[in-house]
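Enquirer: Need the 3D shape of this:
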Amino acid sequence: MFQFFKRVKTVVNSELNSMLDKAEDPVKMLDQFMRDMENDIREAESAVAKQIANEKMLKRKHDDAQALVDKRMKQAEQAIEAGNEDLARRALEDKNKQQEQADVMKASWERAKTDADGLRDKLDEMKKEYQQMKLKKDSLKARAESAKTRTKINRTMSGIGGDESRKGFDRMEEKVLKHEAEAETSEDMSRESRTLDDEFESLQDNGVDDELAALKKKMGKE
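Expert: Got it, this is the predicted structure:
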């Protein structure tokens, strides 16, 4: 379990470039790695809890056996005070038997405690690594999103001014020039089609009558 957790951590640390090369989505893969780590931690917590429970059970059995040893010793002392050596002897014999069991329970309990302490330390290490990888994941996700955004913008910008765009602009420019030429041509044709009356009317509209009267007056032709 712990080896698998470290294997997942190694993948996160060393295979991001490989993921990108394989066109895998780093954001989704990082989220999956974190879920795998969370599952590993839950399994480790369950294993630690079982080991702690086993340690407590062995400690209780040892305490019970040691309490019985102490009890038999006191009973042997009471028997001697009462002058009953046979009862004292039997109490001591049972005390020694219980002491053997207590010693066995103590050794088992100490081993269980050592294992539980070791598992606790590994669990704490896993949680610290998880927090570190979580921070790293957030940073990597932000970098991945930024890279995707930059790539999208760069692709969009590379299309601006491209061959298709330039050709489109050239076509529109040609159409504008064509419309302008058509407008100028229609104005020329309109001027050519005006009648003589239109021309005289235009002169009148422009104040020619007043100018003609002033010229005749100056020349004494009134």
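
Enquirer: number of nearby residues for Asp50?
Expert: Check again: residue 50 is Lys, not Asp. Lys50 has 12 neighbours, counted by other Cβ atoms under 10 Å. Glycine gets a C-beta too; all of them are placed from N, C-alpha and C.

Enquirer: give me the number of residues near Gln98?
Expert: Neighbour count of Gln98, defined by other Cβ under 10 Å: 20.

Enquirer: One more: Lys71?
Expert: Neighbour tally, Lys71, other Cβ under 10 Å: 14.

Enquirer: Tell me the confidence at it?
Expert: For Lys71, the pLDDT comes out at 95.

Enquirer: Look up how far Leu177 lies from it.
Expert: Separation of Lys71 from Leu177 (Cβ to Cβ, to the nearest Å): 116 Å.

Enquirer: again with Lys136
Expert: Taken as Cβ to Cβ, the span from Lys136 to Leu177 is 60 Å.

Enquirer: neighbour-wise, which of the two wins?
Expert: Lys136 (13 against 10).

Enquirer: roughly how far apart are that one and Lys122?
Expert: For Lys136 relative to Lys122 (Cβ to Cβ), the value is 20 Å.

Enquirer: Please parse the chain into its domains.
Expert: What automatic domain parsing lists as the domains of the chain is 2-160, 165-218.

Enquirer: Ranking those domains by mean neighbour count, which comes first?
Expert: Highest mean neighbour count among the domains of the chain (mean count of other Cβ atoms under 10 Å): domain 2-160, with a mean of 14.

Enquirer: lowest-pLDDT helix or strand in the chain?
Expert: helix 16-21 (a mean of 51; mean pLDDT, DSSP states H and E).

Enquirer: Tell me which helix or strand comes right after it.
Expert: Next along the chain after helix 16-21, taking DSSP states H and E as the criterion, comes helix 26-81.

Enquirer: What helices and strands are in contact with the helix or strand following that following helix?
Expert: Following helix 26-81 in sequence order, the next helix or strand is helix 85-159 (DSSP H and E). Counting contacts by 3 or more Cβ pairs under 8 Å, 6 or more residues apart in numbering; DSSP states H and E, helix 85-159 packs against helix 2-14, helix 26-81.

Enquirer: need those helices in CSV with distance to Asp210, can you?
Expert: Shown next, in CSV, are the helices and strands packed on helix 85-159 (distance: least, Cβ to Cβ, whole Å):
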stretch, distance to Asp210
helix 2-14, 95
helix 26-81, 84
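
Enquirer: looking at the ones you listed, which one has the lowest mean pLDDT?
Expert: What stands lowest among the helices and strands packed on helix 85-159, in mean pLDDT terms, is helix 2-14, with a mean of 54.

Enquirer: which residues touch the closest residue in space to Ala102 that isn't next to it in sequence?
Expert: Once flanking residues are discounted, Ala102 sits nearest to Ala65: 3.7 Å by Cβ to Cβ, 6 or more residues apart in numbering. Ala65 is in contact with Gln98, Gln99, Gln101, Ala102, Met105, counting by Cβ atoms under 8 Å, 6 or more residues apart in numbering.

Enquirer: hang on, isn't Ala88 packed against Arg72?
Expert: No. In this structure, Ala88 is not within contact of Arg72 by Cβ atoms under 8 Å, at 10.0 Å.

Enquirer: how far away is the residue lying closest to Gln51 once chain neighbours are set aside from Lys50?
Expert: In this structure, Gln51 finds its nearest non-sequential neighbour in Ala116, 4.5 Å apart by Cβ to Cβ, 6+ apart. Separation of Ala116 from Lys50 (Cβ to Cβ): 9 Å.
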